[in-house]
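A.B. asks: Got a predicted model here, sequence first, then my questions.
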Amino acid sequence: MYADSGAAGHQAEMIRLHQNAAEMGMSASMIKLARAYLNHLPSNLPLDFNKAASLYREAVAVAREPDAMYGLAQLLLQGILQATITRKEGNKENTKKGDMLQEVAYLLEEAAKADHTFAMFNLGIMHLYGYATAWGGERDVELAALWFERSGVPEGYHSASLSHDSLGNQDRSKELTERAKRLGYGSKWRKKARELAGSGGASGVDINMAWPAFFGTGTVPDKV
């Protein structure tokens with residue numbers, strides 16, 4: 001009981017410190033608080049998607065935080081947030097799935113510019129599965145392979161190897177497969193290590209995003 005009480009007290013103190021830091025404009029604390037409101041980090045805060053989204057947006061506004069951009073993209077794909085891109089149809093303004101995916105793509109691309117590895121991996125997913133077709137783009141396996149490899153994570157190298165294999169580049173595919181294995185892909189410890197490491201100094205950040213069923217086929221990307 002005393003141990004539990006001590007842990008709860010420590011969590012409450014950490015939240016208080018992050019709240020103070022966030023009020024002072026510290027974007028890293030804004031992200032930690034957002035994840036706490038999503039129950040991705042242990043805390044006494046209630047589940048509150050609106051507060052999490054607000055903190056992510058503030059972190060983007062203050063410091064263009066890539067982890068906040070990735071967090072907002074996750075919330076959009078999960079259907080928790082509505083895309084801000086709207087199109088007029090007659091007298092109405094509608095937000096469509098294509099608009100949501102376009103905003104997700106923008107957020108991932110901006111995060112990738114700051115070397116966010118999970119964002120790079122998911123840009124590979126976006127181009128491999130053809131989600132860009134939602135707003136007039138095309139499926140691009142070569143571009144997907146580039147993003148997968150650029151991510152620098154074992155899962156990215158593995159996915160890049162599959163992409164190159166489908167393009168007939170067997171030598172490059174084999175090279176990337178070996179690189180993925182050397183970094184732990186397929187081992188028992190790799191997934192656990194990835195989940196513990198997370199992103200931005202906090203665990204619980206998932207490389208697998210909630211991509212919707214692809215148009216026409218009903219398929220969704222496999223989780224890694």
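C.D. replies: Thanks, I have the structure now.
A.B. asks: For the longest helix that the chain contains, give the mean pLDDT please.
C.D. replies: Determined from DSSP state H, the single longest helix within the chain is helix 2-23. Mean pLDDT, helix 2-23: 77.
A.B. asks: do the same with stretch 154-161
C.D. replies: Mean per-residue pLDDT for stretch 154-161: 98.
A.B. asks: How far off centre is that stretch?
C.D. replies: 17 Å (C-alpha atoms, centre = their mean, to the nearest Å).
A.B. asks: Let me see the contact set for Glu149.
C.D. replies: 156-157, 160, 176 (C-beta atoms under 8 Å, 6 or more residues apart in numbering). No exception for glycine: its C-beta is placed from N, CA and C like everyone else's.
A.B. asks: Go through the residues you listed and flag which are in helices.
C.D. replies: Per DSSP H, the subset of the contacts of Glu149 in helices is 156-157, 160, 176.
A.B. asks: what about the residue most central in space within the chain, which helix or strand?
C.D. replies: Closest residue to the average C-alpha location of the chain: Tyr70 at 4.3 Å, with C-alpha atoms, centre = their mean. Per DSSP states H and E, Tyr70 falls inside helix 66-77.
A.B. asks: ok so, going back, could you export the ones in helices among the contacts of Glu149 as CSV, including distance to Pro212?
C.D. replies: CSV is the format used below for those (distance: C-beta to C-beta, whole Å):
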residue, distance to Pro212
Gly156, 22
Tyr157, 26
Ala160, 23
Leu176, 28
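A.B. asks: Tell me where the chain has strands.
C.D. replies: 87-89, 92-94 (DSSP state E).
A.B. asks: and the closest residue to Ile15 other than its chain neighbours, what are its phi and psi?
C.D. replies: Nearest residue to Ile15, sequence neighbours excluded (C-beta to C-beta, 6 or more residues apart in numbering): Ser43, at 5.2 Å. With angles defined as degrees, to the nearest 10, Ser43 sits at phi -170, psi 170.
A.B. asks: what's near enough to touch Ser43?
C.D. replies: Ser43 touches 11-12, 14-15, 36, counting by C-beta under 8 Å, 6+ apart.
A.B. asks: Let me know the closest of the contacts of Glu149 to Ser199.
C.D. replies: Ser199 lies nearest to Gly156 out of the contacts of Glu149, by C-beta to C-beta, at 13.8 Å.
A.B. asks: was I right about the residue nearest to the centre of the chain contacting Phe118?
C.D. replies: Yes. Using C-beta atoms under 8 Å, Tyr70 is in contact with Phe118, at 6.0 Å.
A.B. asks: Which of the contacts of Ser43 has the largest number of neighbours?
C.D. replies: Neighbour tally across the contacts of Ser43 (other C-beta atoms under 10 Å): the maximum, 26 neighbours, falls on Ala36.
A.B. asks: Can you check the pLDDT for the closest residue to that residue other than its chain neighbours?
C.D. replies: With sequence-adjacent residues excluded and distances taken as C-beta to C-beta, 6+ apart, Ala36 is closest to Ser43, at 4.0 Å. pLDDT, Ser43: 88.
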